[in-house]
Structure formats: structure tokens, C-alpha cells
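Colleague: here is my input, please return the structure:
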Amino acid sequence: MSKIMIAVDFSSYSASVIAAGMELARSTKSSVVLLSILDKAAELIPSVEGGESSDEWTRRVQDIATRLNVFAADYADVAVSVSAIIGSPKEDILEQAAEQGIQTLVLGTHGRTGLDHLLVGSTAEFVIRHSPIPVLVVPYKQTKH
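Modeller: Here you go, the predicted model:
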């Protein structure tokens, strides 16, 4: 059985990305790994005596896993596992896909352009450029131009 990884960041359209990935999984009879990565570089968690509070990081990862499980529960007809980790989304999506034997990645794009794209960068673009496996990108804007 093939495996699809759906990577989400809990933005306002993550449900749409998950729905597209689940539809692909149904049509290909694939199992799914729902992945979310807590970007340690972008998160501000108070430190205790100069170091990160490991309890706070653990709590945040558990919260993410819980949210992923809520999404998974809506798709009882698909074999779904969840993975919530701390890391760098760009690199860790690819690393997790390789480690878990994923055949297809599904992720969304925010549709940023110009200065926003330059400053923030694009996880989707990085993954597309570096992925050795197919990537389905679900656009933020799903209306016709």
C-alpha cells in the first residue's frame, strides 16, 4: 500500500489541504500520515534560566498532535497516523517523508508574492525543488483568475 504525507501548518486553509490529500488517498487506496512541524526558529516560548522550557515545547507538540487527530477522525475510511514534531518545516518535511517511506507529498501554498515571498520564503517551493517524490500543491486561492 502506498503512503501519502499531508503536511499542514494550521493556517486557515489547512482543512482544504487535508481534504485534497484525503481524496487522493481514497482514490489510490493509500494510507496517510498527517504531519505538522512546530517551527522552533519561528516560535517564541519563554525560557527558564536561559534555556527553552522543555515542558512548554512538549505541551505544544502534544497540542498539535491532538489537533491532527481531530482532523484524522473526520476520515474514518482512511488509515491515518499523525506526526507532530519540532524542527524546520522545509527540511523536515522531506526528511520525514524519506524516513516514513512516503510516495506522495501533499501541502499547501500561501500564495505570497513579492516582498512577503522574499522575506518569508516558501516551504512549498523548497519542497517542490528538492523532493525526490511527487508533490501535490493545494493553492490558497482556489478561485479562477
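
Colleague: have a look at this structure and report its longest helix.
Modeller: helix 54-73 (DSSP state H).

Colleague: now do the buried residues in that helix.
Modeller: 60-61, 64-65, 67-68, 71-72 (16 or more other Cβ atoms under 10 Å). The C-beta positions use only the backbone N, C-alpha and C, and glycine is treated the same way.

Colleague: possible to save these as CSV with pLDDT and distance to Ile18?
Modeller: Output for the buried residues of helix 54-73, formatted as CSV (pLDDT from 0 to 100; distance: Cβ to Cβ, whole Å):
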residue, pLDDT, distance to Ile18
Arg60, 91, 20
Val61, 94, 19
Ile64, 96, 14
Ala65, 97, 15
Arg67, 96, 11
Leu68, 97, 9
Phe71, 96, 5
Ala72, 97, 9
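
Colleague: touching the longest helix of the chain from outside, list them.
Modeller: 8, 10, 14-15, 18, 34-36, 38, 40, 43, 45-46, 80-86 (Cβ atoms under 8 Å, 6 or more residues apart in numbering).

Colleague: between helix 54-73 and the helix or strand following it, find me the angle.
Modeller: Next helix or strand after helix 54-73 toward the C-terminus (DSSP states H and E): strand 80-87. Using axes from the mean of the first three to the mean of the last three Cα atoms, to 10 degrees, the inter-axis angle of strand 80-87 relative to helix 54-73 is 150 degrees.
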